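A.B. asks: got a sequence here, can you model it:
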Amino acid sequence: MKALHGIAFVLLVIGGLNWLLIGLFDWGVGMVLGTVLSKIVYILVGLSAIYLIIDHKKTCKCCDKSCDKSSMSTPGQTM
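C.D. replies: Residues are numbered from 1 along each chain as shown. Model (predicted):
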């Protein structure tokens, strides 16, 4: 499952960078890869986003219920 999480994260980063390129320059993955391959990439990025939404609570250290922000120390602070 850790490998799947890593792959999903990389695909989500690719999707985010693609949106950045589209927003700034009207240029994206579709212009480089072609229609069929870019459609596959878009589908994989979307599935990765869905997977990470579902898996987020299990893997996020900040969302862990045992993580209490008041007990966390700041740099230079002693406990």
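A.B. asks: contacts and neighbour counts: CA atoms only from here.
C.D. replies: Noted.
A.B. asks: residues contacting Leu4?
C.D. replies: Residues counted as contacts of Leu4 (C-alpha atoms under 8 Å, 6 or more residues apart in numbering): none.
A.B. asks: ranges for the helices of the chain?
C.D. replies: 2-25, 29-33, 35-59 (DSSP state H).
A.B. asks: and these, which one averages the lowest pLDDT?
C.D. replies: The minimum mean pLDDT among those belongs to helix 29-33 (a mean of 77).
A.B. asks: Val45: how many residues sit nearby?
C.D. replies: 22 (other C-alpha atoms under 10 Å).
A.B. asks: pretty sure it is touching Ala8, no?
C.D. replies: Yes - using C-alpha atoms under 8 Å, Val45 is in contact with Ala8, at 7.5 Å.
A.B. asks: roughly how far apart are Lys57 and Leu37?
C.D. replies: Noted for Lys57: a distance of 32 Å to Leu37, by C-alpha to C-alpha, to the nearest Å.
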